[in-house]
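Participant: Curious how this folds, go ahead:
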Amino acid sequence: MTQDILNSLKGIEAELIRIRRDIHKHPETAFEEVRTADLVAAKLTEWGIPVHRGLAKTGVVGTLHGSGNEGGRSIGLRADMDALNLLERNTFDYASVHKGKMHACGHDGHTAMLLGAARYLSEHRNFNGTLHFIFQPAEEGEGGARVMIEEGLFDQFPCDAVYGMHNMPGLPLGQFAIRPGSMMAASDTWTVVFRGTGGHGAMPHMGTDPTQPTAAFVTATQNIIGRNVSPQHAAVLSVGHIAAGSYGSPNVIPAEVTVRGTARSYTPADRDLLERRLGEAARGIAAAHGCTVEYHYLRRYPPLVNASAQTEIALRAAAATVGVDKVDGDVERLTGAEDFAFMLEKKPGAYILLGNGGSVEDGSCHYVHTPHYDFNDQALVTGVAYWVNLVAEELGTR
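Facilitator: Coordinates of the predicted model:
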């Protein structure tokens, strides 16, 4: 990163911190990011960037043309805007004013960094082609990226490539991490309902007990991982919810037990395998215990897969920002999921991690989705510089 770019970005750092903390203080959850979208649209308009609003209810897209359009390439830069339904435990002066809602994943920082890039690039249009700044709602479990695509994102704003970025607590401040190919897992939800007759707890032989196949099924989920998924692959099945009976009636065998969980995988074949084997296990175990079963498998987010060419471009941009020794180009895959994967299914692109600093192990930072998490403002300028250098790598400079 050249010194003049760094100096320019340092000059807007205070404003970016104000923006980030303002968004943090006023968190909005999926498809309700009205105030945040208003702020984003107002800033883009202030900087002379035409704005389109309304995709996925609260989505905002700003379009900026370079001073040279040779080649006509266009790229999309995406930031997510939504917060989580979580009670914040921080006590600083910009903590959430909306009880039960919190920016616990750093989307406030992501939005501020992309706004910083939009401001800088609007003042330095020395690139060829077109930029689309994509401010997306509802990343947290509601698939806002998918909705934006379904409502015409890439039809209205054609992109030859798309890029995303996410902060990572525990990754040192001023460092980046990425990998080509699958980088984050598919995220699916499954539900199994075992049904019997229930009965008196003292006379179990008088009925059919759905708690027994439930217990066997929970164990069987890990047999699927250990005996059906290739040892060369990675996958996860976890039970997150079990509901049955009444706390006040422990002597009653319930007639129905509901089990819900998550499935994580990296390949289409393994995703198909998990869906099939969960159903087979549930049906077989239910039959063996004289019960019936209802099974549902919901495919939510696909695996996030970085394209090789765009990963190389992202690596060069990161190296230009912080130096090659601070960029990990072969980071371990994450079992977390990201709906930017929907965009990468439609367009080649790359998703990179930005260090948020600290250590989760020694308590010097808090991980995302926890009540004491906070985005590190010291990462803002680094993130903006990455976007600027990425544009230079993708669209060149004049």
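Participant: and stretch 273-291, C-alpha only, in PDB?
Facilitator: C-alpha atoms of stretch 273-291 as PDB (Å, rounded to 0.1, in the frame of the first residue of the first chain):
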ATOM      1  CA  LEU A 273     -25.000 -38.400   1.800                       C
ATOM      2  CA  LEU A 274     -25.800 -36.700   5.100                       C
ATOM      3  CA  GLU A 275     -29.400 -36.000   4.000                       C
ATOM      4  CA  ARG A 276     -29.900 -39.600   2.800                       C
ATOM      5  CA  ARG A 277     -28.300 -41.400   5.700                       C
ATOM      6  CA  LEU A 278     -30.100 -39.300   8.400                       C
ATOM      7  CA  GLY A 279     -33.400 -40.300   6.800                       C
ATOM      8  CA  GLU A 280     -32.500 -43.900   6.600                       C
ATOM      9  CA  ALA A 281     -31.300 -44.000  10.200                       C
ATOM     10  CA  ALA A 282     -34.400 -42.300  11.500                       C
ATOM     11  CA  ARG A 283     -36.800 -44.600   9.600                       C
ATOM     12  CA  GLY A 284     -34.900 -47.800  10.400                       C
ATOM     13  CA  ILE A 285     -34.500 -47.000  14.100                       C
ATOM     14  CA  ALA A 286     -38.200 -46.000  14.400                       C
ATOM     15  CA  ALA A 287     -39.300 -49.200  12.800                       C
ATOM     16  CA  ALA A 288     -37.100 -51.300  15.100                       C
ATOM     17  CA  HIS A 289     -38.800 -49.700  18.100                       C
ATOM     18  CA  GLY A 290     -42.400 -49.900  16.800                       C
ATOM     19  CA  CYS A 291     -42.700 -46.200  16.200                       C
END
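Participant: Check the offset of it from the chain's centre.
Facilitator: Remark: stretch 273-291 is offset 31 Å from the chain centroid, using CA atoms, centre = their mean, to the nearest Å.
Participant: what sits up against that stretch?
Facilitator: 188, 190, 192, 194-196, 208-210, 212-213, 216-217, 220-221, 223-224, 228-229, 235, 237, 263, 265, 292-293, 295, 297, 299 (CB atoms under 8 Å, 6 or more residues apart in numbering). To be clear about C-beta, it is placed using only N, CA and C from the backbone, and glycine gets the same treatment.
Participant: Give me the three-state assignment for the residue nearest the centre of the chain.
Facilitator: Nearest to the mean C-alpha position of the chain, by CA atoms, centre = their mean, lies Glu338 at 3.0 Å. Three-state call for Glu338 (DSSP: H, G, I helix; E, B strand; the rest coil): coil.
Participant: Enumerate every residue touching it.
Facilitator: Counting by CB under 8 Å, 6+ apart, Glu338 has contacts Glu139, Gly164, His166, Met184, Tyr301, Leu304, Tyr351.
Participant: OK, contacts around the closest residue to the first one other than its chain neighbours?
Facilitator: Counting by CB to CB, 6 or more residues apart in numbering, Asp80 is the residue found nearest to Glu139 once chain neighbours are left out, at 3.9 Å. Asp80 sits next to His107, His110, Thr111, Gln136, Pro137, Glu139, Gly144, Phe340 when contact means CB under 8 Å, 6+ apart.
Participant: can those go into a markdown table with extra columns for neighbour count and distance to Gly357?
Facilitator: As requested, the contacts of Asp80 are exported to a markdown table (neighbours: other CB atoms under 10 Å; distance: CB to CB, whole Å):
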| residue | neighbour count | distance to Gly357 |
| --- | --- | --- |
| His107 | 30 | 18 |
| His110 | 27 | 16 |
| Thr111 | 27 | 19 |
| Gln136 | 29 | 25 |
| Pro137 | 29 | 27 |
| Glu139 | 25 | 22 |
| Gly144 | 26 | 27 |
| Phe340 | 25 | 23 |
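Participant: Between which two of these is the distance greatest?
Facilitator: Within the contacts of Asp80, two members stand farthest from each other by CB to CB: Thr111 and Phe340, at 14.2 Å.
Participant: Inside helices: which ones of the contacts of Asp80?
Facilitator: His107, His110, Thr111, Gly144, Phe340 (DSSP state H).
Participant: for those, which one is nearest Lys43?
Facilitator: Thr111 (9.9 Å).
Participant: before we move on, back to that, quickly list what the residue nearest to Glu139 is bridged to.
Facilitator: With DSSP bridges as the criterion, Asp80 is bridged to Gln136.
Participant: Straight-line length of stretch 68-87, end to end?
Facilitator: In stretch 68-87, first residue to last residue: 48 Å (CA to CA, to the nearest Å).
Participant: ok, His110 touching Ala83?
Facilitator: No: assessed by CB atoms under 8 Å, His110 is found out of contact with Ala83, at 11.6 Å.
Participant: Out of the contacts of stretch 273-291, which end up buried?
Facilitator: 188, 190, 192, 194-196, 208-210, 212-213, 216-217, 220-221, 224, 229, 235, 237, 263, 265, 293, 295, 297 (16 or more other CB atoms under 10 Å).
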